[in-house]
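Student: Test case, fold it:
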Amino acid sequence: MKHATLPLPLALTMGDASGIGPEIVAMALARGAVPGGFVVGDVGVMRRAAVVVAASERVSLPVAVLERAADALEVPPRCVAVLATAGLPQGLSRLPYGRVDARAGAAAAACIRHAVALAQGGEVAGIVTAPIHKEALAAAGEPFPGHTELLQAEAGAGPVRMMLANDELKTVLVSIHVSLRQAIEAVTLEAVLTTLRIAHAGAARWGQPRARIAVAGLNPHAGEGGLFGEEELRFIAPAIEAARREGINAQGPFAPDTVFMRARRGEFDLVVAMYHDQGLIPVKYLGVERGVNVTLGLPFVRTSPDHGTAFDLAGSGRADPASLIAACAMARRLSVAG
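Tutor: Sure thing, here's the model as predicted:
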């Protein structure tokens with residue numbers, strides 16, 4: 001019988017085999033926190049993770065091998081259901097924990113591509129991606145610096161944006177994995193306007209068709225009328241005006257050192273930030289275990305936890321699955337809302 005609130009299963013990619021991804025996925029499934037969830041990955045890796053989790057959680061944790069995604073809905077709770085990704089490197093379950101390895105990077109990328117194919121084929125409600133390691137991805141010869149860029153390419157999507165969210169604050173980023181110098185250069189009228197459009201559409205998807213969007217300035221005091229920089233006058237304010245003409249409830253630009261506090265207090269529904277750290281530091285400060293990464297602009301739902309591979313914890317059974325569980329809950333809500 002299919003889960004009442006999730007007519008399709010939820011695909012969880014295993015992440016980097018040498019990091020905590022496989023075990024936090026196994027831990028979330030062991031706790032029954034992901035109804036209708038299954039793993040896209042390597043069966044051996046997930047069996048190794050299940051052993052670690054069974055010992056730390058003091059439970060029996062069987063692993064079920066699926067033939068197709070839909071079979072996940074028939075798997076009993078507290079079981080690790082795995083849909084194997086074809087063509088993965090050999091020996092993944094024997095890779096040492098906590099080390100960058102090209103084989104782990106190649107496998108992580110292959111699992112992501114497999115999950116995208118399932119989503120595009122209408123076989124899953126959404127994708128939740130466990131952490132990957134950017135160095136391992138690069139060592140495998142992948143041309144993408146992270147999940148977002150790989151997902152965008154695989155989906156053949158137009159512009160996408162990264163949103164980091166918890167129950168107090170949502171931020172959407174104009175640019176992500178680039179240097180600070182490149183991030184400044186990326187602040188253009190078109191980039192800010194595109195971000196506002198994507199943020200507005202994303203908020204409508206989760207039930208806020210007139211979301212109050214605050215826009216952070218790039219410079220201290222949002223430029224102070226041009227005294228501390230002209231980006232606000234030349235690019236950001238004109239983008240806000242253009243967005244408002246399209247019916248988007250955008251306001252600003254506001255001083256970046258106070259706008260996140262104002263949003264947290266309820267004055268705004270989300271904040272558009274100009275670059276990676278500007279937007280992510282406030283959310284992560286509130287608690288990494290509560291944050292969820294959502295990719296806006298994809299033709300399917302994709303979320304992920306707000307942390308990395310945590311090589312220092314891998315294999316210990318001490319990794320916290322809270323952010324992954326929150327990401328699964330967010331994916332479920334967005335898939336139902338969409």
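Student: In contact with the residue nearest to residue 290 when sequence neighbours are not counted, which residues?
Tutor: Distances taken as C-beta to C-beta, 6 or more residues apart in numbering place residue 166 nearest to residue 290, at 4.2 Å, with adjacent residues excluded. For glycine as for every other residue, the C-beta is placed from the backbone atoms N, C-alpha and C. Contacts for residue 166 (C-beta atoms under 8 Å, 6 or more residues apart in numbering) come out as 283, 286-287, 290-292, 306, 326.
Student: Would you map the helices across the stretch 201-338 of the chain?
Tutor: 231, 237-245, 259-264, 276-285, 322-337 (DSSP state H, counting those that start in this stretch).
Student: Would you reformat those as TSV and include distance to residue 40, mean neighbour count and mean pLDDT?
Tutor: What follows is these, written out as TSV (distance: least, C-beta to C-beta, whole Å; neighbours: other C-beta atoms under 10 Å; pLDDT from 0 to 100):
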stretch	distance to residue 40	mean neighbour count	mean pLDDT
helix 231	41	22	95
helix 237-245	37	18	98
helix 259-264	34	19	97
helix 276-285	26	19	93
helix 322-337	14	21	88
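Student: Tell me how far the residue nearest to residue 290 lies from residue 329.
Tutor: Distance of residue 166 to residue 329, given as C-beta to C-beta, to the nearest Å: 12 Å.
Student: among the contacts of residue 166, which are in strands?
Tutor: When DSSP state E is applied, these are split such that residue 292 fall in strands.
Student: Buried only: go through the contacts of residue 166 for me.
Tutor: 283, 286, 290-292, 306, 326 (16 or more other C-beta atoms under 10 Å).
Student: Need the worst-confidence member of those residues.
Tutor: The lowest pLDDT within the buried ones among the contacts of residue 166 belongs to residue 290, which sits at 79.
Student: and it, how far is that from residue 24?
Tutor: Going from residue 290 to residue 24 by C-beta to C-beta gives 15 Å.
Student: Quick one, grab the pLDDT at the residue nearest to residue 290.
Tutor: 89.
Student: In this protein, which residue sits furthest out from the middle?
Tutor: If you look at how far each residue of the chain sits from its centre, by C-alpha atoms, centre = their mean, the farthest one is residue 227, at 36.6 Å.
Student: quick revisit: closest to residue 220 among the contacts of residue 166?
Tutor: Using C-beta to C-beta, residue 283 comes nearest to residue 220 of the contacts of residue 166, at 20.6 Å.
Student: give me the element the closest residue to that closest one other than its chain neighbours is part of.
Tutor: Distances taken as C-beta to C-beta, 6+ apart put residue 164 closest to residue 283, at 4.6 Å, once the chain neighbours are dropped. Per DSSP states H and E, residue 164 falls inside strand 161-165.
Student: Following the chain past that strand, name the next helix or strand.
Tutor: strand 170-173.
Student: quick revisit: who are the packing partners of the strand holding residue 164?
Tutor: Packed against strand 161-165 by the contact rule (3 or more C-beta pairs under 8 Å, 6 or more residues apart in numbering; DSSP states H and E) you find strand 170-173, helix 189-205, helix 276-285, strand 292-296.
Student: Need the CA coordinates for the shortest one. CSV is fine.
Tutor: In other words, strand 170-173. Output of strand 170-173 as CSV, limited to C-alpha atoms (Å, rounded to 0.1, in the frame of the first residue of the first chain):
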residue,chain,number,x,y,z
LYS,A,170,15.1,31.4,4.4
THR,A,171,17.8,32.8,2.2
VAL,A,172,18.2,32.6,-1.6
LEU,A,173,21.6,33.3,-3.2
